[in-house]
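A.B. asks: How does the following fold in three dimensions:
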Amino acid sequence: MSARERPWGQWEWTPAEVIGDNVKNRREALGLTAAAVGEKIGELTGKAWPRQTVYQVESGNRAMVADEVVALAHVL
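C.D. replies: Predicted coordinates:
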């Protein structure tokens, strides 16, 4: 993932992008597919994520509630 460049030349990541980048790096390091992460999220929250949701999180394009962040921490 690349950070976005601001007009004045500073690089800045949003919190969602930082979390997403960390999720993707950890998922890949563990050898998990996005579908597997989504299933594990479902085991903890009662509602599985489709792989597209995992990809949205990884790209920083999906907001999460605290319960989802905690579930991700346990899965990864």
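
A.B. asks: Show me where this protein dips below the pLDDT cut-off.
C.D. replies: Applying pLDDT under 70 to the chain flags the ranges 1-11.

A.B. asks: what's the spacing between Arg26 and Tyr55?
C.D. replies: 15 Å (Cβ to Cβ, to the nearest Å). Glycine gets a C-beta too; all of them are placed from N, C-alpha and C.

A.B. asks: Could you do Glu39 as well?
C.D. replies: For Glu39, the distance to Tyr55 equals 15 Å [Cβ to Cβ].

A.B. asks: Tell me which stretches of the chain form strands.
C.D. replies: Counting by DSSP state E, the chain has strands at residues 4-5, 11-12.

A.B. asks: Mind listing what's buried along stretch 59-76?
C.D. replies: If you call a residue buried by 16 or more other Cβ atoms under 10 Å, then stretch 59-76 has these buried ones: 60, 62, 64, 68, 71-72, 75-76.

A.B. asks: Also stretch 17-33?
C.D. replies: For stretch 17-33, by 16+ other Cβ under 10 Å, it's 17, 19-21, 23-24, 27, 32.
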